[in-house]
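[1] I'll drop the sequence and a predicted model, then ask my questions.
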Amino acid sequence: MSIIRVLALVFLLAVHGSTALAASYIQTDGTIVDPIQRRTGGAHPYSGPNLEPFANLSGVDLVNAELIEANLTGADLSSAHLGGSDLNFADLQGANLAATTYLGATSGTPFYNASTDFTNAYSGDFGVSPLFDPVAAAWIFVPEPNSALLLVLGFAGIAAQRRGA
């Protein structure tokens, strides 16, 4: 009888750890977008480029969201939570945030890089508020790997040249 209980417990834990729930979101124009996958057991409900342009992400918790290269053109991010104080941040490296609104009304400090597109992204309402500046908002800039490598090689070259002189 105890072997059956152990097997049942293992089965329940395995099923619970891999359960996928469907979630959807509403675009700013009111269109409901097909479900995106939400995996239980630690994965964030918003990962990858599944989110589409004009998503209404107002008030959404995007801490730990992997939005690398996501197309969030025209999305509404008012009151979205993008990061915490415990090194859990939304990753917006290479994301398309063109014409996104209310970036200045978000909380947290997500990651971004030189490939993140902020063209006509606004701090508040589209066309009314100032354009969004990630540096002024203290977002965390992640340098491209090639840039970091060139910087390290440059310092190594300078150090080698000084030794030779």
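    Here it is on my side, so go on.
[2] hey, where'd the strands end up in this structure?
    Counting by DSSP state E, one finds strands in the chain at the ranges 20-26, 32-39, 111-112, 140-141.
[3] among those, show the one with the smallest mean pLDDT.
    Within the strands of the chain, the stretch with the lowest mean pLDDT is strand 20-26, showing a mean of 44.
[4] quick one: the helices in this protein?
    Under the criterion DSSP state H, the chain carries helices at the ranges 2-17, 145-164.
[5] worst average pLDDT in those?
    Per-segment confidence across the helices of the chain bottoms out at helix 2-17, which has a mean of 53 in mean pLDDT.
[6] doesn't residue 106 make contact with residue 63?
    No - under the criterion of C-beta atoms under 8 Å, residue 63 makes no contact with residue 106, lying 11.2 Å away. All C-beta atoms are positioned from the backbone trio N, CA, C, and that covers glycine.
[7] which neighbours do the two share?
    81, 82 (C-beta atoms under 8 Å, 6 or more residues apart in numbering).
[8] show me which of these two is the more surrounded one.
    residue 106 (23 against 18; other C-beta atoms under 10 Å).
[9] list the residues that contact that one.
    Residue 106 is in contact with 77, 78, 79, 80, 81, 82, counting by C-beta under 8 Å, 6+ apart.
[10] do that again at 6 Å, thanks
    Residue 106 is in contact with 77, 80, 82, counting by C-beta atoms under 6 Å, 6 or more residues apart in numbering.
[11] neighbour count and distance to residue 90 added to those residues, as CSV?
    CSV is the format used below for those (neighbours: other C-beta atoms under 10 Å; distance: C-beta to C-beta, whole Å):
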residue, neighbour count, distance to residue 90
77, 26, 10
80, 23, 8
82, 25, 4
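[12] return the member of these nearest to residue 131.
    Checking the contacts of residue 106 against residue 131 with C-beta to C-beta, the nearest one is residue 77 at 14.4 Å.
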